[in-house]
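A.B. asks: I need the structure of the sequence given here:
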Amino acid sequence: MQRTLRHLGEEILAFVLTFFLFTFSILIIVQFTLLSPKFMQQQVVHSGYVSAVTSEAHQNISNLGAGSGIPKKVLKSVPSKYNVQQDINTFIDRAYAGAGIKLEATHIKKQLRTQVYAYARMKHLPLNQTTRHAVEQYVNKSVDQYAQSVQVPYLIQIGKNVQAIKQYVLLGLLGTLLLCLVLGSVLKKQVKLAHRMWRYLSYCLTGNGLMLIIAPYMLLGSQVIDRLGIGTKGLYRLVTTYLHTFVWIFIISGLISLAFGLGCIVISEVRRKNRIHRSEVS
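C.D. replies: Sure thing, here's the model as predicted:
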């Protein structure tokens, strides 16, 4: 009876440890994905969003130029894809930091002035005060439209939410890690046989892995992410790529946890057989 109660206590400890290990896994994934500007920047590149924004910026700047009598071919290289990516990264960093968003885009202004004045000289147009004033108006309007194109929609609000919960997620991470260590130590003291400890560890890891896999796998299977109603093609690709990657990180983490769990089962069986073998020999 006492042995049965001890085993029951060990199993309850293993179950509680599995729950906190699962909570810790979720929090650490959230910390390095949803709360990380670097993760967003990576998805911006992988989704092709930079190319979409560059194309949109070219179109807007060319249309404004055409309205002022500047041929589209004169402005086709402004802005460059590299500059767009750098400006989007700056916007993301500042949004996640909760800082004010103000894109100066001095490099775009410089490129536009250079291209427009070169065209004016080629056409032998007078560079008087009126012309310069018109060029500056065009440059400022172009940069304003460019700044709007670069800003990822809703990211400023997301950045504010990140700042609001970031501290709580970090505290949750530290708290669940501490609880996992304490529960693991208690379980180790309770379990008398080494192979049973490895077996309980395998239960925790496989249970954690399965919980990390099942719900995300069902979400992918339902194709809810692909059916999101987002009108802009570039933004649609960014959001769906971001969410797909986020969900796949859960699945991959679950598979890794399962692999370690299966490894612990193998170690447990080897230790159990070695113990039986030693008992038979003695």
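A.B. asks: every contact and neighbour count from this point should use C-alpha atoms.
C.D. replies: Fine.
A.B. asks: tell me which residues of stretch 222-235 come out buried.
C.D. replies: Ile225, Gly234, Leu235 (16 or more other C-alpha atoms under 10 Å).
A.B. asks: centre of the chain to that stretch, how far?
C.D. replies: Offset of stretch 222-235 from its chain centre (C-alpha atoms, centre = their mean, to the nearest Å): 17 Å.
A.B. asks: again with stretch 111-125
C.D. replies: The answer for stretch 111-125 is 42 Å, by C-alpha atoms, centre = their mean.
A.B. asks: just the ones of the buried residues of stretch 222-235 in helices?
C.D. replies: Gly234, Leu235 (DSSP state H).
A.B. asks: would CSV of the buried residues of stretch 222-235 with pLDDT and distance to Leu210 be doable?
C.D. replies: Output for the buried residues of stretch 222-235, formatted as CSV (pLDDT from 0 to 100; distance: C-alpha to C-alpha, whole Å):
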residue, pLDDT, distance to Leu210
Ile225, 90, 22
Gly234, 85, 34
Leu235, 87, 32
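A.B. asks: confidence-wise, which helix or strand of the chain is lowest on average?
C.D. replies: None of the helices or strands of the chain scores lower by mean pLDDT, DSSP states H and E than helix 106-122, at a mean of 79.
A.B. asks: packing partners of the helix or strand that comes right after it?
C.D. replies: Following helix 106-122 in sequence order, the next helix or strand is helix 129-150 (DSSP states H and E). Other helices and strands packing on helix 129-150, by 3 or more C-alpha pairs under 8 Å, 6 or more residues apart in numbering; DSSP states H and E, are helix 49-67, helix 81-96, helix 106-122.
A.B. asks: got the angle for helix 129-150 vs helix 106-122?
C.D. replies: Relative orientation of helix 129-150 versus helix 106-122 (axes from the mean of the first three to the mean of the last three C-alpha atoms, to 10 degrees): 140 degrees.
A.B. asks: flag every buried residue along helix 129-150.
C.D. replies: By 16+ other C-alpha under 10 Å, the buried positions in helix 129-150 come out as Val135, Tyr138, Val139, Ser142, Val143, Tyr146, Ala147, Ser149, Val150.
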